[in-house]
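Peer 1: Okay, predicted coordinates and the sequence, questions at the end:
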Amino acid sequence: MEKRNKILKIGLTIITILIVAIIGIVIYDRVTVNNKYRINDENIDIPIFVYHNIVNNDSDVIYDYMQTTKAVFEEQIVGLKNMGYDFITYEQLQKFKNNEIELKKKSCILTFDDGYKGVYENAYPIAQKYNIPFTMFIITNNMYMDDVISWDNAKEMQDSGLVTIASHSTDHPEFTSLSVEEAVNDVNNTYKIIEEKLGKQPIKIFTYPYGLHKEEQNDALWKEGYIQNLTDNKINKSKNLDLSRLHRCYPLSDSIFKMTLKIFYRSIRYN
């Protein structure tokens, strides 16, 4: 009996902690929904979400970190919007860094890696429906493949004003196996092709394949003018927002409640 009571007490304690945490998140959500960041604020807390492919249904999901169904994706977008999140672009993030604009404290960025056709077929219509901007990181040598977007698809999305087409390398190498010169040449070559196909780009953004990189590559690409993304499941939480080493996190197929808890947890853990 004593052991049972002890287990019940532990269970009630855990439930109480969860309830308090949920109430705290809800209160924080309501209080901060219209607040804005200024560049000299102590804590800038901006999640950048990374997806790969958006597929039709559960039967298309082979690797859950690579595929999210369009139904789940739309639920996540609607959930974030209902919570007051403002979907911003890298251009806005850059202007914020330059102290040209302020950002809502509930800002986030939406990204897709690898240029899968499912993004054009399934995510893009949802983005149009809710007027959500996103950035698509393409592998330029893969643009001829059947399951990848075409240059016509890329041009259509870019011309909508919602989609930024950016670099995910020429052929997805591990950048830790490249010299600094090879890394810079690889990324510069992708933007040469992107601008030949899509016109002059107002901003240059690069995401490291597999999230692998060397510090020397970060520094060299920053000097070339590239905003750079890692993929390390962290939140961008700092006073000095480093555009050469932006963190990104996976929403996977999480419910909006689970996504919120993960944002809250990562914000505390990586402070």
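Peer 2: Cool, got the structure. Remember, it's a predicted structure, so these values are computed and weren't measured experimentally.
Peer 1: Excluding residues flanking it in the chain, which one is nearest residue 249?
Peer 2: Distances taken as CB to CB, 6 or more residues apart in numbering place residue 233 nearest to residue 249, at 4.8 Å, with adjacent residues excluded. No exception for glycine: its C-beta is placed from N, CA and C like everyone else's.
Peer 1: just residue 254 next, same as before
Peer 2: Once its chain neighbours are removed from consideration, residue 254 has its nearest residue in residue 262; the separation is 6.9 Å (CB to CB, 6+ apart).
Peer 1: all helices of the stretch 101-250 of the chain, in order?
Peer 2: Under the criterion DSSP state H, counting those that start in this stretch, the stretch 101-250 of the chain contains helices at 117-118, 124-130, 151-159, 180-198, 215-223.
Peer 1: what angle do the last one and helix 180-198 make?
Peer 2: It refers to helix 215-223. With axes from the mean of the first three to the mean of the last three CA atoms, to 10 degrees applied, the angle from helix 215-223 to helix 180-198 works out at 40 degrees.
Peer 1: So which elements touch helix 215-223?
Peer 2: With contacts taken as 3 or more CB pairs under 8 Å, 6 or more residues apart in numbering; DSSP states H and E, helix 215-223 sits against helix 180-198, strand 226-229.
Peer 1: Quick check: which of the ones you listed is buried the most?
Peer 2: Between these, the one whose residues have the most neighbours on average, counting mean count of other CB atoms under 10 Å, is strand 226-229 (a mean of 24).
Peer 1: mind checking how far it is from the chain centre?
Peer 2: Mean C-alpha position of strand 226-229 versus that of the full chain (CA atoms, centre = their mean, to the nearest Å) differs by 12 Å.
Peer 1: can you list contacts of the longest strand that the chain contains?
Peer 2: The residue-count maximum for a strand in the chain (DSSP state E) belongs to strand 107-113. Outside strand 107-113, the residues within contact range by CB atoms under 8 Å, 6 or more residues apart in numbering are 37, 46-54, 80, 85-90, 93, 119, 123, 127, 132-137, 168, 207, 229, 231, 248.
Peer 1: in its sheet, what does it sit against?
Peer 2: Strands flanking strand 107-113 in the sheet, each with its direction: strand 48-51 (parallel), strand 86-87 (parallel), strand 134-138 (parallel) (DSSP bridges).
Peer 1: Export those strands as a markdown table, with columns for mean neighbour count and distance to residue 190.
Peer 2: Conversion of the strands paired with strand 107-113 to a markdown table gives the following (neighbours: other CB atoms under 10 Å; distance: least, CB to CB, whole Å):
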| stretch | mean neighbour count | distance to residue 190 |
| --- | --- | --- |
| strand 48-51 | 24 | 18 |
| strand 86-87 | 18 | 25 |
| strand 134-138 | 24 | 8 |
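Peer 1: residues near residue 82, how many?
Peer 2: Number of residues near residue 82 (other CB atoms under 10 Å) recorded here: 9.
Peer 1: typo on my end, residue 125
Peer 2: Residue 125 is flanked by 12 other residues according to other CB under 10 Å.
Peer 1: do the same with residue 45
Peer 2: Counted with other CB under 10 Å, the neighbours of residue 45 add up to 20.
Peer 1: mind starting the numbering at 510 from now?
Peer 2: Shifting the count to begin at 510 puts that one at residue 554.
Peer 1: how far away is it from residue 583?
Peer 2: Look at residue 554 and residue 583: by CB to CB, to the nearest Å, they are 25 Å apart.
Peer 1: what do you get for residue 726?
Peer 2: Distance of residue 726 to residue 583, given as CB to CB: 36 Å.
Peer 1: Same question for residue 560.
Peer 2: Going from residue 560 to residue 583 by CB to CB gives 12 Å.
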